[in-house]
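> My questions are about this predicted structure, shown below with the sequence.
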Protein chains: 2
Amino acid sequence: MNEIKVFAPATVSNVACGFDVMGFALHGVGDEITVKRTPEQGLQVVAIHGAENLPMEADKNVATIAAQAFLDSLDEKPTSGFSFEITKKVKAGSGLGSSGSSSVASVVAMNELFGKPYSKEELLLFAMAGEAAISGQPHADNVAPCLLGGFVLVRDYHPLDVIQLDYPDSLYCTVVHPQIEIKTSDSRKMLKQQISLRKAITQWGNVGGLVSGLAKGDYELISRSLKDVVAEPVRSMLIPLFHEAKQGAIDLGALGASISGSGPSIFALSSSKEIAESIGNHFTSLYKEASIDALIYVSQVNPKGAEVIS
Amino acid sequence: MNEIKVFAPATVSNVACGFDVMGFALHGVGDEITVKRTPEQGLQVVAIHGAENLPMEADKNVATIAAQAFLDSLDEKPTSGFSFEITKKVKAGSGLGSSGSSSVASVVAMNELFGKPYSKEELLLFAMAGEAAISGQPHADNVAPCLLGGFVLVRDYHPLDVIQLDYPDSLYCTVVHPQIEIKTSDSRKMLKQQISLRKAITQWGNVGGLVSGLAKGDYELISRSLKDVVAEPVRSMLIPLFHEAKQGAIDLGALGASISGSGPSIFALSSSKEIAESIGNHFTSLYKEASIDALIYVSQVNPKGAEVIS
């Protein structure tokens, strides 16, 4: 095999109470990467579509950093080089796991080209190497759902322990991505490194409630648990119309709404496509009225994660 | 009906990562209360068996405080008084929800005498009034599993939201109660009111893992998640032989072990009766060798909670 094209979905991470530990994958939006064997050795980014300001240098682009981590793990040196053509449908700094999607698409493509030496679970560590290069520390709450699909819990990093959570099939997500940029590193700085024990207990009570509600398909419980007392109160200040977007979604029947990743994207979860679409309309008109460009996505949770297109 | 006898089980609360939000009920150990209608008005504690130093005054004993909260909720004044005979099989200050068992037994008995005006869920608030009187603030992580049975999550208090978690039938618990007293209020003072965000994230990752593991019956996941980075490192200092007891239990195949409530009792969870009993033997010989009196309990999770005996 000399050429492969892979799709890796955008992801919602944190999911309100699940700060730094939970995430799920979306349908229809994400990154596509075509990797081709080349006669020249080494890794080369030949094109990036749909994004400006992303590095073309192989030692700076997350896709090629992740691919290099994959190659470094192999016993034998590759007999060819590889070119990467990247089509980004989610902008960097969206809060939708943009760098994670590129990292994942890249390692899935490399794995296919080499005859699948690794399971998806094993590929996680290589994809995380891409994430670590840009965020300073390895995170898995985007790359894990992107790679594996579904709703995941990253229970621990030492060693990495990713749990695929049970969740109801009819869970829908609406996302609005206002076209402003927040850097993950800036957004992390806003969070205090100490929190009150009282707030922490509230947060883990809600994590327990959310995991239980997802497993039981108990929408009322999911709804009561979709609260974030740690990051949302601080980070939402950076997001124009956050409270109007969230309150409107809840008024329309959302189970809950919060910040996706470190923002500025906002997600709402719903128990039906109809509700999810009406929330999409609400997001559209809210941001249109304020003359802020915004992209809207309505999607079920994507159970498959990254996949080979051709 | 003029007389009723109720059993309310002892409970393990906190359950490692689930500090202040999780608990489960035990079999065979707990409090029995006999409540009788009396011609004289008012509430009267007529006997307390199996415990010294507990107040006989109706406005100071948790059983009668909880019963009074029940009576205060009724539209009509009672036509009789009530006497309470309390048999405690779990000492106060054990970490096994002793006051919660008395509060629960009392309100379940009152509810029976009045023809069951309330559901078990509704009785929780009255039982919590007993708990609040002695701990200074209302807690439900003992009274909820004591009343409802099973494995519960107290997701929130405002309003009260108690979730009955799914868990595998073959889950066994071994408890050792070294006969030393730790007051809950003293033990709470040891905890810092601020914790690092990093530790909080670790804790809620484990809460998510434990709830998921219980729901799936995934013993490996339960085991990996039974960790407490918040209370155990501090509170275990007050418990003689804590680390030896815990490590021995794990060496014998326990899924995990930690402090029950605020101690000094230690619990271990196991996937079989055989393992749970061998851990019981380990606890027995460990404390015997150190000449510390200790009570040992081996029990499945009790799915029923408080129940009428006669």
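That came through fine. Quantities reported herein were computed from a predicted structural model and do not represent experimental measurements.

> Please count neighbours and contacts with C-alpha atoms only from this point.
Will do.

> Report the rounded mean pLDDT for stretch A:276-296.
The pLDDT scores in stretch A:276-296 average 97.

> send the alpha carbons of it over as PDB?
In PDB, the C-alpha atoms belonging to stretch A:276-296 read as follows (Å, rounded to 0.1, in the frame of the first residue of the first chain):
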ATOM      1  CA  ALA A 276     -30.600  19.400  18.600                       C
ATOM      2  CA  GLU A 277     -31.600  21.100  15.300                       C
ATOM      3  CA  SER A 278     -33.700  23.700  17.000                       C
ATOM      4  CA  ILE A 279     -30.700  24.500  19.200                       C
ATOM      5  CA  GLY A 280     -28.600  24.900  16.100                       C
ATOM      6  CA  ASN A 281     -31.100  27.400  14.800                       C
ATOM      7  CA  HIS A 282     -30.900  29.300  18.100                       C
ATOM      8  CA  PHE A 283     -27.100  29.400  17.900                       C
ATOM      9  CA  THR A 284     -27.200  30.600  14.300                       C
ATOM     10  CA  SER A 285     -29.600  33.500  14.900                       C
ATOM     11  CA  LEU A 286     -27.900  34.500  18.100                       C
ATOM     12  CA  TYR A 287     -24.500  34.900  16.600                       C
ATOM     13  CA  LYS A 288     -25.800  36.300  13.300                       C
ATOM     14  CA  GLU A 289     -27.600  39.100  15.200                       C
ATOM     15  CA  ALA A 290     -24.300  40.000  16.900                       C
ATOM     16  CA  SER A 291     -22.500  39.900  13.600                       C
ATOM     17  CA  ILE A 292     -20.100  37.200  14.900                       C
ATOM     18  CA  ASP A 293     -19.400  34.500  12.300                       C
ATOM     19  CA  ALA A 294     -20.200  31.100  13.700                       C
ATOM     20  CA  LEU A 295     -20.100  27.500  12.400                       C
ATOM     21  CA  ILE A 296     -22.800  25.200  13.600                       C
END
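
> Touching the helix or strand where residue A:145 lies from outside, list them.
Assigned by DSSP states H and E, residue A:145 belongs to helix A:143-148. With contact meaning C-alpha atoms under 8 Å, 6 or more residues apart in numbering or on different chains, helix A:143-148 is reached by A:8-11, A:23-25, A:97, A:100-101, A:103-104, A:120-121, A:124, A:127-128, A:151-152, A:154, A:162, A:303-306.

> Need the per-residue pLDDT for residue A:49.
95.

> My guess is it contacts residue A:90. True?
No: counting by C-alpha atoms under 8 Å, residue A:49 stays clear of residue A:90, with 10.8 Å between them.

> Which residue of these two possesses the greater neighbour count?
Just comparing residue A:49 and residue A:90: by other C-alpha atoms under 10 Å in any protein chain shown the higher neighbour count belongs to residue A:90, 24 against 12.

> Might you report the residue contacts of that one?
A:10, A:29, A:30, A:31, A:96, A:98.

> before we move on, what SS does it have?
Classification of residue A:90 by DSSP: H, G, I helix; E, B strand; the rest coil places it in coil.

> what sits against residue A:20?
A:13, A:14, A:139, A:141, A:154, B:201.

> And the helix or strand in which residue A:68 is found, what does it pack against?
Assigned by DSSP H and E, residue A:68 falls within helix A:62-73. Packing partners of helix A:62-73 (3 or more C-alpha pairs under 8 Å, 6 or more residues apart in numbering or on different chains; DSSP states H and E): strand A:43-49, helix A:98-113, helix A:120-135.

> From the rest of the structure, what touches that helix?
Taking C-alpha under 8 Å, 6+ apart as the rule, helix A:62-73 contacts A:43-45, A:58-59, A:77-78, A:84, A:99, A:102-107, A:110, A:123, A:126-131, A:133-134.

> Quick check: buried residues in stretch A:176-190?
A:176, A:177, A:178, A:179, A:180, A:181, A:182, A:184, A:187 (16 or more other C-alpha atoms under 10 Å in any protein chain shown).

> what does that stretch contact?
So stretch A:176-190 is contacted by A:93-95, A:135, A:234-235, A:238, A:262-267, A:280, A:283-284, A:287, A:292-297 (C-alpha under 8 Å, 6+ apart).

> Among those residues, which ones are in helices?
A:135, A:234, A:235, A:280, A:283, A:284, A:287 (DSSP state H).

> which of the residues you listed lies closest to chain B?
Nearest to chain B among these: residue A:234, at 14.0 Å, using C-alpha to the nearest C-alpha.

> who's in contact with that closest one?
A:190, A:191.

> okay, the angle between the helix holding residue A:68 and helix A:98-113?
On the basis of axes from the mean of the first three to the mean of the last three C-alpha atoms, to 10 degrees, helix A:62-73 is oriented at 40 degrees to helix A:98-113.
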